[in-house]
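[1] Provided below are the primary sequence and the corresponding predicted coordinates.
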Amino acid sequence: MPKKKVKKAVKGVLEAVAVEGMTDILPKDGELWKLILETGKHLSELYDFHFIETPMLEVPDIFVAGIGEKAEAAAKKMYSFKTPDGQDVALRQDLSAPVLRSYIEHHLGYFASPLKVYHKGPVFRFGKVEPGMNREVRQWGFDIIGDNDAVYDIQVILASMEFLKLLKFPSLRLKINTMGCKVCRSNYHEKLKTYYRKQKTCTTCKGNIEEHPLRLFKCTTPECAELKKEAPIILDHLCQACNNHFKAVLELVEDNGVAYEPDPYFVREKEYYNRTIFEIYSGEYQYSLAGGGRYDYLSEMLFKKMIPGVGVALSLDRILEQMKARNTPHHRKDHPRVFFVAVGDQAKKMSVRLMNLLRMNNIAVIEALGKKTLSAQMKFGDRVNTPIALIFGQKEAFENTIIIRDTKSGAQETIILDRLVEETKKRLR
Ligand SMILES: [Zn+2]
Ligand SMILES: [Zn+2]
C-alpha cells in the first residue's frame, strides 16, 4: 500500500487527509469491492457459515490474551479510551475474540455445534504504519467454534483458498506449521532456549531468548538467519496427539490438492494459538492474503471456559490492491439501465416521481438533471451509454406523455405516461 504523501498544512485550514494507515475505498473501485464481498457471501453460504457481526468496541481485556502482557501494560498497546460515563473500551484488534465473547454471551453453541460463522469489517492495529501494514485493516473472517477436529481446520483453509481462487488469484500457496499444545510446546521452547543460549546471536535476540524464544525466528540479521537453519524444530518435539492432528490436517490438505509449504520456522507469538497455523500467498506478492490458525486456548485464557476454535482472516485491503494491480476483470451484473432527461422546471419536478417509479420496478435510472439544457444532458447520456433515453420536456409534462429514444438507432416514440414502466421494460428486453 503506497504511503500517503504528507502535504504541508496551511495554518488554520483543515486539511482533507485521512489518518495515516487508513484508506478510503473509492467509487472507481466499487465494482471490485462489490465482487469481493459478493464472492465472500456466496462462499459462506456454500460452506454453511452463518453471518455474525460484533461491535467495533469491546472491553479492552478481551484483547489482552492476544498481547500476552498484563492488562494494564496491554491496554496501552491498543486504541483504548474511557466512555463519558467512565467505562473502559477498546477498538477491536481481531475478530476471533469478540466472536468468542458473543458465542458465550448468547449461548451460540445451542444454535449450532460447532458454530460456523463469517464476518467482515475492520480491525485496528496499534503501532507504526509500515509498508503493507495499515492501521485499519478490513477483513473477512471465517471461524468455527466448538470442535477441535482437523476437518474444521481444513474447512477454513479451503474456504479461504476458494475465496481467492474465485477472485482469480494465481498460484496460491499455503504456508503451514503447527504450534503444538501447552505440553509439547513448553518442552520445545526449552530445547530452543538451550540451543540459542550457546550461540552468538545479535543483541536484540539475546534479550529475547528467555522470554520470547520464537521471536528469534523473525530476526533477519545474517548471523541469526544462519543460526535459524540449525535450530530445533517443533515437528521433532510434538506430543502424540499434536502429531496426529497435524498429520490429519496435512493429509486433508493433500487430498484436496492444495499446494502447500510446511515451514517449521513459521510461528505465531500469541499464546492462545495451538496446533495448526497457516498463511496463504499468491504468486510473487510478498504479503499474505489470508492468515489463521487454531486458537483452542483463547476461550480458556479469557473466559476460563474450554471452547476450541479455528479461524482465518482474509486481508481485504491487500486483496483489493492486488486485484487492481492485476486488472482483475469484473462483470457487473447490471440492472437494466435508462437515462432520464428532463428539461424545464415543471418537468424536472415531475421527473423525480417518474424516476422513482422506474427504480421501484428494478430499472436503474441515471440522470444529469443538474445540467440545464437538453443538449448538455444528452451529451452526458452519450457517455453513460444506456440502451434507452427517456426525454421529458415542458410539452410532454403538459400532455402527460414522454419520449422513449433508442440510443443506438436514434428512433424515438412518444408514449403516454401511464404506460411508462411497461413500455420501458418492453424495450429493455
Ligand atoms: Zn502437544
Ligand atoms: Zn537476531
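    Nice, thanks for sending it over. Predicted, not measured: the structure shown is a model, and the values here were computed from it. Residues are numbered from 1 along each chain as shown. Ligands and ions are numbered 1, 2, ... in the order given.
[2] so which residue of the stretch 301-429 of the chain comes closest to ligand 1?
    Per CB to the ion, P308 is where the stretch 301-429 of the chain lies closest to ligand 1, at 13.7 Å. C-beta: built from backbone N, CA, C; applies to glycine.
[3] quick one, what contacts that residue?
    P308 makes contact with I145, G146, D147, N148, R294, D296, S299 under the criterion CB atoms under 8 Å, 6 or more residues apart in numbering.
[4] Pull out the buried residues from these.
    Neighbour-count burial (16 or more other CB atoms under 10 Å) applied to those gives I145, G146, D147, N148, R294, D296, S299.
[5] Give me the distance between the closest residue to the fourth one other than its chain neighbours and T276.
    Read that as N148. In space, not counting the residues next to it along the chain, N148 is nearest to P308; the distance is 3.8 Å by CB to CB, 6 or more residues apart in numbering. For P308, the distance to T276 (CB to CB, to the nearest Å) stands at 11 Å.
[6] ok now do M323, which residues does it touch?
    So M323 contacts L32, L35, I36, L167, K168 (CB under 8 Å, 6+ apart).
[7] whoops, G293 was the one
    Neighbours of G293 in contact, by CB under 8 Å, 6+ apart: M179, R268, Y273, R275, T276, I277, F278, V310, G311, V312.
[8] among those residues, which are in strands?
    Counting by DSSP state E, the part of the contacts of G293 found in strands is R275, T276, I277, F278, V310, G311, V312.
[9] now the residues you listed as a markdown table including neighbour count?
    Shown next, in a markdown table, are the ones in strands among the contacts of G293 (neighbours: other CB atoms under 10 Å):
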| residue | neighbour count |
| --- | --- |
| R275 | 25 |
| T276 | 26 |
| I277 | 22 |
| F278 | 26 |
| V310 | 30 |
| G311 | 24 |
| V312 | 26 |
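[10] just to revisit the earlier point, so which of the contacts of P308 are in strands?
    Going by DSSP E, the strands hold I145, R294 from those.
[11] I'd like the contacts of P308 as TSV, with distance to N243 and pLDDT appended.
    Below are these laid out as TSV (distance: CB to CB, whole Å; pLDDT from 0 to 100):
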residue	distance to N243	pLDDT
I145	24	97
G146	23	96
D147	19	95
N148	15	94
R294	15	97
D296	16	95
S299	24	94
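[12] what's in contact with the host helix or strand of I176?
    For I176, the enclosing helix or strand under DSSP states H and E is strand 172-178. Strand 172-178 is contacted by residues 157, 161, 164-165, 234-235, 238, 242, 245-246, 249-250, 253, 258-267, 275-282, 288 when judged by CB under 8 Å, 6+ apart.
[13] Can that strand be said to contact ligand 1?
    No - shown here: strand 172-178 not in contact with ligand 1 (CB under 5 Å from the ion), separated by at least 8.6 Å.
[14] Tell me what angle the helix or strand that that strand is followed by forms with strand 172-178.
    With elements assigned by DSSP H and E, the helix or strand that comes after strand 172-178 is helix 182-197. Angle between the axes of helix 182-197 and strand 172-178 is 90 degrees (criterion: axes from the mean of the first three to the mean of the last three CA atoms, to 10 degrees).
[15] anything in helix 182-197 near ligand 2?
    No - Helix 182-197 stays clear of ligand 2 (CB under 5 Å from the ion), getting no nearer than 9.6 Å.
[16] contacting residues for the closest residue to V99 other than its chain neighbours?
    Nearest residue to V99, sequence neighbours excluded (CB to CB, 6+ apart): D143, at 5.3 Å. Contacts for D143 (CB under 8 Å, 6+ apart) come out as 95-96, 99, 115-119, 156, 309-312.
[17] Rebuild the residues you listed as TSV, extending it with pLDDT.
    Listed next are these as TSV, based on pLDDT from 0 to 100:
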residue	pLDDT
L95	92
S96	92
V99	96
L115	96
K116	97
V117	97
Y118	97
H119	97
V156	96
G309	97
V310	97
G311	97
V312	97
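[18] Between these, identify the one with the most neighbours.
    V310 (30 neighbours; other CB atoms under 10 Å).
[19] Look at K324 and give its secondary structure.
    Put simply, K324 is helix when judged by DSSP: H, G, I helix; E, B strand; the rest coil.
[20] Tell me how many other residues surround it.
    Other residues close to K324 by other CB under 10 Å number 12.
[21] What pLDDT is listed against it?
    pLDDT recorded at K324 is 95.
[22] Name the residues of this structure found near ligand 2, please.
    C202, C205, C219, T221, C224.
[23] repeat that for 8 Å
    201-206, 208, 216, 219-221, 223-224 (CB under 8 Å from the ion).
[24] and which of those is nearest to ligand 1?
    Distances from ligand 1 to those, taken as CB to the ion, are shortest for L216 (21.2 Å).
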